[in-house]
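**Student:** From the sequence below, what's the structure:
(one chain, ligands or ions: 1)
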Amino acid sequence: MDTIFLEQVKVQTKLGVPEWERAVAQTIILDIEIGYDFSLACQSDEIADTIDYGQVVGRIRETLAERSFKLVEALGEHVCQLILQEFKAKSVQLKVSKPGILPGLKALGITIYRQV
Ligand SMILES: Nc1nc2c(c(=O)[nH]1)N=C([C@H](O)[C@@H](O)CO)CN2
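**Tutor:** The predicted structure is shown next:
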């Protein structure tokens, strides 16, 4: 499977189990691998034949600015479904990192894989 990767995408969103944590947006970091057959785009050289990664980042930032989640797991599922449904991706491998949450570690979070 061909993949498009987006590394260390910084996104502002309201995320956290306690209510106080969801009161203010915080920065989370996404690493995304999108599975898609872009062999047609390799031949045509047309953006219409692949997934426009700029559009993907824009939609993720837009939706996460509007939404609020308690769990990083729920946020991850939301992002995966957005990419699969809106961009017709075949699969999504996603890592969601929350930096600076616990003392003594750089970041924590989840990885999630979804495919159609
Ligand atoms: N498995 C998870 N554990 C925890 C989460 C989570 O989203 N998934 N979140 C929290 C809190 O939001 C914490 O990060 C800050 O108070 C705790 N555990």
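
**Student:** now the helices for this structure?
**Tutor:** 39-44, 53-66, 72-87 (DSSP state H).

**Student:** what's the closest of those helices to the ligand?
**Tutor:** Relative to the ligand, the nearest member of those by C-beta to the nearest ligand atom is helix 72-87, separated by 3.8 Å. Bear in mind the C-beta positions are built from the backbone N, C-alpha and C, glycine included.

**Student:** who does the closest one touch, helix- and strand-wise?
**Tutor:** Helices and strands touching helix 72-87, by 3 or more C-beta pairs under 8 Å, 6 or more residues apart in numbering; DSSP states H and E, are strand 3-15, strand 26-35, helix 53-66, strand 91-99, strand 107-115.

**Student:** so, in contact with the ligand or not, that helix?
**Tutor:** Yes. Under the criterion of C-beta under 6 Å from any ligand atom, helix 72-87 makes contact with the ligand via 72, 73.

**Student:** who touches that helix?
**Tutor:** Under the criterion C-beta atoms under 8 Å, 6 or more residues apart in numbering, residues 13, 15, 28, 30, 32, 34, 36, 51, 55-56, 59-60, 63-64, 67, 69, 89, 91-92, 94, 96, 98, 109-110, 112, 114-116 lie in contact with helix 72-87.

**Student:** how much does it deviate in direction from strand 3-15?
**Tutor:** 130 degrees (axes from the mean of the first three to the mean of the last three C-alpha atoms, to 10 degrees).

**Student:** list the buried ones in helix 72-87?
**Tutor:** 72, 75, 76, 77, 79, 80, 82, 83, 84, 87 (16 or more other C-beta atoms under 10 Å).

**Student:** same question, stretch 44-51
**Tutor:** 50, 51.

**Student:** Tell me who's in contact with the closest residue to residue 31 other than its chain neighbours.
**Tutor:** Of all residues not flanking residue 31 in the chain, residue 95 sits nearest, at 4.1 Å (C-beta to C-beta, 6 or more residues apart in numbering). By C-beta under 8 Å, 6+ apart, the residues touching residue 95 are 30, 31, 32, 109, 110, 111.

**Student:** Could you check the pLDDT of residue 95?
**Tutor:** Per-residue confidence (pLDDT) for residue 95: 98.

**Student:** Please consider this matter closed, and thank you.
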